[in-house]
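Q: structure of the sequence below:
(one chain, ligands or ions: 1)
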Amino acid sequence: MTTHWWRHAAIYQIYVRSFADGDGDGTGDLAGVRSRLPYLRELGVDALWFTPWYTSPMADGGYDVADYRDIDPLFGTLAEAEQLVVAAHEHGLRVLIDLVPNHCSDQHVWFRDALAAGPGSPERERFWFVPGRGGSGELPPNDWTSYFGGSAWTRVTEADGSAGPWYLHMFAPEQPDLNWEHPEIRAEFEDILRFWLDRGVDGFRIDVAHGLEKKPGLPDVGPDPDVTDLPYQDCDAVHDIYRSWRKILDEYDGERTFVGEVWLPTPEQSARYLRPDELHSAFNFDFLCCAWDADALRRVVEETLAGHAPVAAPPTWVLSNHDTIRHVTRYGRADTSFDMGDKRLLDPSDPVLGRRRARAAALLTLALPGGVYVYQGDELGLPEVQDLPDALIQDPTFVRSGGADRGRDGCRIPLPWGPGPSLGFSPEGAAAPWLPQPESWSALSVAAQHTDPESFLTLYRAALALRRERLVPLPESLTWVESGAGTVCFDRGPGGFRCLLNVSAAPVPLPRGAEVLLASGPLPDGTVPPDTTVWLAL
Ligand code: GLC
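A: Residues are numbered from 1 along each chain as shown. The predicted model follows:
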């Protein structure tokens, strides 16, 4: 059976500035990625998702875009990006890029023009410039808070020094929200889509896909809001945007695709983004946030499948990304769940337990029907770096929360590739990496794991290869198997494939007569120990 590649793809997320440094400035770049394409092919993924590579002052790691049609000099040039797309294709890897339509950088020409043009100008209509409340406009226009902490509004100081209106930024002040009711914004992004589609990219990851439209009148949220009906997310008009984008994508050959960062409270809300004329897929944050508990895991898988069925969209599975606490660390904590407001970065974590569970989780995600995401370093079993000194933290959430939120830098540490001063991240003689790597990571480097049969990397390679060979051709469904309390067990078929995860505290017996295809850990005496997943042929 052949289906669209994006229905079952294994997609590897590249956080460009931390992946590999080609030019020796201590920051990852496109040359670095290009030199590692053979590694990615050998890993066995189908596609790469690049976090934003555009011109940016990097107030939010590139999610503050100053020019959507060029590459930041830190990362390389437009010509290098074009060559990288071609080279990736030659390695059998498709390319998704990150589109950031909710906001741009305060250094984008539109925002600079808007500030310069002054109050009431047409340039300001591309954003949300709104007079303040209070006697002299000294209070923000409404009570919205930024996702990064603090008010979502910043007051403008006009050219003559007077205090002006406020502008909306749901993230950092350097990320003004665009006004999607403005026809020029729509036209501009349609053109940006074509710009990159013409350059051969296979699709887009859409940043904050639920947030582009705001409720008319920008009403207050109020003290006790209904989280399913917030005025700054999931407004109905957003679906028209994706319908028009989908038409553009479908004009191009080669099965191009959209994946949405749709982070909403209910599966019903999320599913609406995946109707046949909108986005193709979305990240499964419910799964990412789920505690390490058999009932909870099974429930979230069931709800995911049930939520996607009415719109016939493929489910996806994701354990970590550049915004979350690495799951090796999460799974080693007393509370293994995650939520975006998670300020528990410093909670203690048992590294041995976390690693064992992360290996088991990898085999669970890779056995499920649908698409799967691997965040760079997942395949090496990297933990969160929890002890970055305050002075080195670069994530704007740290400063905006007054240090209460230590931010996301701990999952963005440059990858360890081998021995040497930057663990092979940069060429010899280079500047120090933009964030320091723990010394202990030399044991986790690609070189250290490459030929070790017990390593994380070996497990990921084996699992991705088996998945491609045995699971991808199967129908997009599973059959639950009752296998006792504390376990998650399902068959994929036909063909007799079974996945059995033991989350309980006691070993469970291997089913009789089953052949072990792959296991996340040792299987002593014909049993599956706690926090272990096995793939079986029945
Ligand atoms: C998304 C990105 C995150 C970024 C935010 C603002 O959530 O994943 O990294 O900070 O959008 O663009």
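Q: the residue most central in space within the chain: helix or strand, and which one exactly?
A: What sits nearest the mean C-alpha location of the chain, by C-alpha atoms, centre = their mean, is residue 321, with 4.3 Å. Mapping residue 321 onto the secondary structure by DSSP states H and E places it in no helix or strand at all.
Q: quick check: closest non-adjacent residue to it.
A: On the basis of C-beta to C-beta, 6 or more residues apart in numbering, the spatially nearest residue to residue 321 that is not a chain neighbour turns out to be residue 375, at 5.0 Å. In short, each C-beta sits where N, CA and C put it, glycine included.
Q: and that neighbour, what is it in contact with?
A: Contacts of residue 375 were listed using C-beta atoms under 8 Å, 6 or more residues apart in numbering, and they are 13, 15, 318-322, 326, 411.
Q: in PyMOL, select just the buried ones from these.
A: Applying 16 or more other C-beta atoms under 10 Å to these, the buried members can be selected in PyMOL as follows:
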select buried, resi 13+15+318+319+320+321+322+326+411
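Q: ok so, going back, my read is that the residue nearest to the centre of the chain contacts residue 373, right?
A: Yes: contact criterion C-beta atoms under 8 Å: residue 321 and residue 373 qualify, at 7.2 Å.
Q: so how far is stretch 395-404 off the chain centroid?
A: 20 Å (C-alpha atoms, centre = their mean, to the nearest Å).
Q: no no, stretch 296-313
A: In this view, stretch 296-313 has its centroid 19 Å away from the chain centroid, taken as C-alpha atoms, centre = their mean.
Q: ok and the residue in the stretch 251-400 of the chain nearest the ligand?
A: Using C-beta to the nearest ligand atom, residue 323 is the residue of the stretch 251-400 of the chain that sits closest to the ligand, at 4.8 Å.
Q: how many neighbours does that residue have?
A: The tally of other residues near residue 323 (other C-beta atoms under 10 Å) stands at 19.
Q: ok, then the element right after the worst-scoring helix or strand of the chain on mean pLDDT?
A: Least confident helix or strand of the chain, by mean pLDDT, DSSP states H and E, is helix 396-400 with a mean of 88. The helix or strand immediately downstream of helix 396-400 is helix 446-449, counting by DSSP H and E.
Q: which of the residues in the following helix or strand past that next one are buried?
A: Next in sequence after helix 446-449, counting helices and strands by DSSP H and E, comes helix 456-466. Applying a neighbour-count criterion of 16+ other C-beta under 10 Å, the buried positions in helix 456-466 are 456-457, 459-464, 466.
Q: ramachandran coordinates for the residue of the stretch 251-400 of the chain closest to the ligand?
A: When read as degrees, to the nearest 10, the backbone of residue 323 gives phi -110, psi -10.
Q: return the residues of the stretch 301-450 of the chain in contact with the ligand.
A: Proximity of the stretch 301-450 of the chain to the ligand (C-beta under 6 Å from any ligand atom) is limited to residues 322-323.
Q: so where do the helices sit in the stretch 101-250 of the chain?
A: Along the stretch 101-250 of the chain, the segments classed as helices by DSSP state H, counting those that start in this stretch run 109-117, 183-198, 238-251.
Q: let me have those helices in CSV, extended by distance to residue 37.
A: Formatted as CSV, the entries for those read as follows, by distance: least, C-beta to C-beta, whole Å:
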stretch, distance to residue 37
helix 109-117, 34
helix 183-198, 19
helix 238-251, 25
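Q: state the helix or strand in which residue 286 lies.
A: Under the assignment given by DSSP H and E, the secondary-structure element containing residue 286 is helix 285-289.
Q: actually residue 296, not the one I wrote
A: Element membership for residue 296, per DSSP H and E: helix 294-308.
Q: gap between that helix and the chain center?
A: 20 Å.
Q: what sits up against it?
A: 267-268, 270-271, 274, 284, 286-287, 290, 314-315, 364, 368-370, 477-478, 480, 485-488, 501, 503-504.
Q: who's in contact with the one residue in the chain that gets nearest to the ligand?
A: Residue nearest to the ligand within the chain (C-beta to the nearest ligand atom): residue 63, separated by 3.3 Å. When contacts are counted by C-beta under 8 Å, 6+ apart, residue 63 touches 51-52, 56, 98, 100, 171, 175, 207.
Q: and it, helix, strand or coil?
A: Remark: residue 63 carries the secondary structure label coil [criterion: DSSP: H, G, I helix; E, B strand; the rest coil].
Q: and stretch 268-288, what's buried?
A: 269-275, 278-288.
Q: likewise for stretch 232-249?
A: If you call a residue buried by 16+ other C-beta under 10 Å, then stretch 232-249 has these buried ones: 232-235, 238-239, 241-242, 245-246, 249.
Q: which of the residues you listed lies closest to residue 185?
A: Here the nearest of those to residue 185, counting by C-beta to C-beta, is residue 241; it sits at 9.5 Å.
Q: for residue 133, see how far away the residue nearest to residue 321 is.
A: Using C-beta to C-beta, to the nearest Å, one obtains 42 Å as the distance from residue 375 to residue 133.
Q: same question for residue 421.
A: Shown here: residue 421 relative to residue 133, a distance of 54 Å by C-beta to C-beta.
Q: with residue 174 instead?
A: Shown here: residue 174 relative to residue 133, a distance of 24 Å by C-beta to C-beta.
Q: please apply the same query to residue 410.
A: Shown here: residue 410 relative to residue 133, a distance of 38 Å by C-beta to C-beta.
Q: comparing the two, which residue is more hemmed in?
A: Just comparing residue 410 and residue 133: by other C-beta under 10 Å the higher neighbour count belongs to residue 410, 21 against 14.
Q: list the contacts of that one.
A: The neighbourhood of residue 410, defined by C-beta under 8 Å, 6+ apart, consists of 325-326, 345, 384-386, 388.
Q: from these, which shows the smallest pLDDT?
A: Scanning the contacts of residue 410 for pLDDT, the low point is residue 345. It has 74.
Q: so what's that residue up against?
A: Here residue 345 is in contact with 325, 384, 386, 406, 410 (C-beta under 8 Å, 6+ apart).
Q: may I ask which of these has the most neighbours?
A: Neighbour counts for those were taken using other C-beta under 10 Å; the highest belongs to residue 384, with 25 neighbours.
Q: I'd say that one and residue 331 touch.
A: No: shown here, residue 384 and residue 331 do not form a contact pair, counting by C-beta under 8 Å, at 10.9 Å.
Q: intersection of neighbour lists for those two?
A: Contact criterion C-beta under 8 Å, 6+ apart; no residue bridges residue 384 and residue 331 by contacting each.
Q: sorry, back to before: can you redo the buried residues of stretch 232-249 as TSV with pLDDT?
A: Rendered in TSV, the data for the buried residues of stretch 232-249 read as follows (pLDDT from 0 to 100):
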residue	pLDDT
232	98
233	97
234	98
235	97
238	98
239	98
241	98
242	98
245	98
246	98
249	98
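Q: of all these, which two lie farthest apart?
A: For the buried residues of stretch 232-249, the maximum inter-member distance is 26.1 Å, found between 232 and 249 (C-beta to C-beta).
Q: residue 321: what's it in contact with?
A: Residue 321 is in contact with 13, 283, 288, 373, 375, 411, counting by C-beta under 8 Å, 6+ apart.
Q: what sits against the last one?
A: In this structure, residue 411 makes contact with 320-326, 375, 377, 384-385, judged by C-beta under 8 Å, 6+ apart.
Q: residue 400 touches residue 149, doesn't it?
A: Yes: in this structure, residue 400 sits in contact with residue 149. The criterion is C-beta under 8 Å, and the distance is 4.2 Å.
Q: the contacts of helix 294-308, buried ones only, as a ChimeraX selection?
A: Of the contacts of helix 294-308, the buried ones can be selected in ChimeraX as follows, counting by 16+ other C-beta under 10 Å:
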select :270,271,274,284,286,287,290,314,315,364,368,369,370,478,486,487,488,501,503,504
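Q: quick one: residue 96 is in a strand?
A: Yes: counting by three-state DSSP, residue 96 is found in a strand.
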